[in-house]
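okay, predicted coordinates and the sequence, questions at the end:
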Amino acid sequence: MMAEAEQDLPTLTLSDGAFQRIQTAIVKGEIAPGTRISEQYLSTTFGIGRGPLREAIRRLEGRRLVVRIPHAGVRVVSLSYAELIELYHVREALEGMACRQAAENMTEAEIAGLREVLATHEKHSGLKANESYYQQEGDLDIHYLIIHGSKNRTLADMLCGDLYHLVRMYRYRFSTTPKRPQQAFAEHHRIIEAIADRDGELAEMLMRRHISASRRNIERRMQEQSAAPTSSGGIV
C-alpha cells in the first residue's frame with residue numbers, strides 16, 4: 001500500500017502544479033479569454049506531461065475557467081459584454097451586502113488580517129508601478145476575506161463558488177487600465193477602515209462604489225476595444 005501511495009504522489013504533485021500554473025496564466029490574461037487550448041502547446045510551454053495536464057484541464061473545467069465545445073476543443077471562457085456587465089451588477093449588490101455584514105460580524109483579528117493582506121498587496125511591483133493589481137486567490141484576496149467575514153454562508157456560496165475564479169480573471173484583466181490599480185487599492189483601504197469602524201452602511205456604500213467604478217472602467221475599455229480590429233487567434 002505504501003509503495004502505491006508513493007507512486008501516486010508525484011502524479012498528484014505534477015497535476016497540482018500544472019493546474020496552478022495554467023490557472024494563473026488564465027487569470028492574468030497570459031492565456032486570453034476565448035483562446036483555444038492545445039494540450040501539445042501547454043505541454044511544451046509549461047513542461048507538463050499529458051497525464052497531469054489532462055487532469056489540470058478537468059479541474060479548470062470544474063472552476064468554469066475553460067469549456068469543452070463539441071468539435072471545437074477546449075477554450076478559455078469568454079463572457080460577452082452584456083454577460084460581464086450583468087455579472088458586475090450582481091457583484092455590486094451582493095458584495096455590498098456582504099461588506100455591510102462583515103462590518104457587523106468580523107472579529108478584530110479578522111480585520112487585522114485584512115490590513116495585513118492589504119499591506120502585502122502594497123509591496124507588489126505591479127501596484128507600485130500603477131500598472132496592475134493582482135490578488136492571489138482565497139485568503140490573499142481582500143474580496144474573498146470580506147465575503148467570508150460576513151458570516152453569511154449563502155452569500156459565500158454564491159460569490160466564492162463557481163463564479164469566483166471567473167470574476168478574478170476579469171478583475172485582473174481590467175485592473176491594468178492606467179491609474180486604476182492605485183485607485184482600487186485606495187478604495188480597498190477605505191472599505192477596510194469602514195469595516196473596522198463597524199459602520200455597515202458606509203462599508204456597503206464604499207464596496208458598491210468600488211465595484212461600480214470597476215464596471216464603468218470595463219464599459220469604457222470594452223467600448224474602446226469594440227472599435228478596434230478583432231482576431232480569432234488562439235493557442236494551437
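Thanks, I have the structure now. Numbering: from 1, shown residues only.

contacts, neighbours, all on C-alpha from now
Will do.

okay, Phe46 and Ala156: tell me how far apart.
33 Å (CA to CA, to the nearest Å).

neighbour count: these two, which is higher?
More crowded of Phe46 and Ala156, by other CA atoms under 10 Å: Ala156, with 21 against 13.

report pLDDT for that one.
Looking at Ala156, its pLDDT is 96.

same check on Arg221?
80.

go on, Pro10?
On pLDDT, Pro10 comes in at 46.

got it, and Ala213?
93.

what secondary structure does Phe185 sit in?
helix (DSSP: H, G, I helix; E, B strand; the rest coil).

which ones are touching Glu204?
Glu95, Gly96, Met97, Ala98, Cys99, Arg100 (CA atoms under 8 Å, 6 or more residues apart in numbering).

mind listing which of those are in helices?
Glu95, Gly96, Met97, Ala98, Cys99, Arg100 (DSSP state H).

got a list of what the closest residue to the last one other than its chain neighbours touches?
Read that as Arg100. Counting by CA to CA, 6 or more residues apart in numbering, Gly200 is the residue found nearest to Arg100 once chain neighbours are left out, at 4.1 Å. If you count contacts by CA under 8 Å, 6+ apart, Gly200 has them with Cys99, Arg100, Gln101, Ala102, Ala103, Glu104, Ala194.

okay, the residue nearest the centre of the chain: pLDDT?
Centroid-nearest residue in the chain: Arg168, 1.4 Å away (criterion: CA atoms, centre = their mean). The per-residue pLDDT reported for Arg168 equals 87.

pretty sure it sits against Ile26.
No - the criterion here is CA atoms under 8 Å, and Arg168 misses it with Ile26 at 9.8 Å.

next up, the contacts around the closest residue to Gly49 other than its chain neighbours.
The shortest distance from Gly49 to any residue other than its chain neighbours is 5.9 Å, reached at Ser43 (CA to CA, 6+ apart). Ser43 makes contact with Gly49, Arg50, Leu53, according to CA under 8 Å, 6+ apart.
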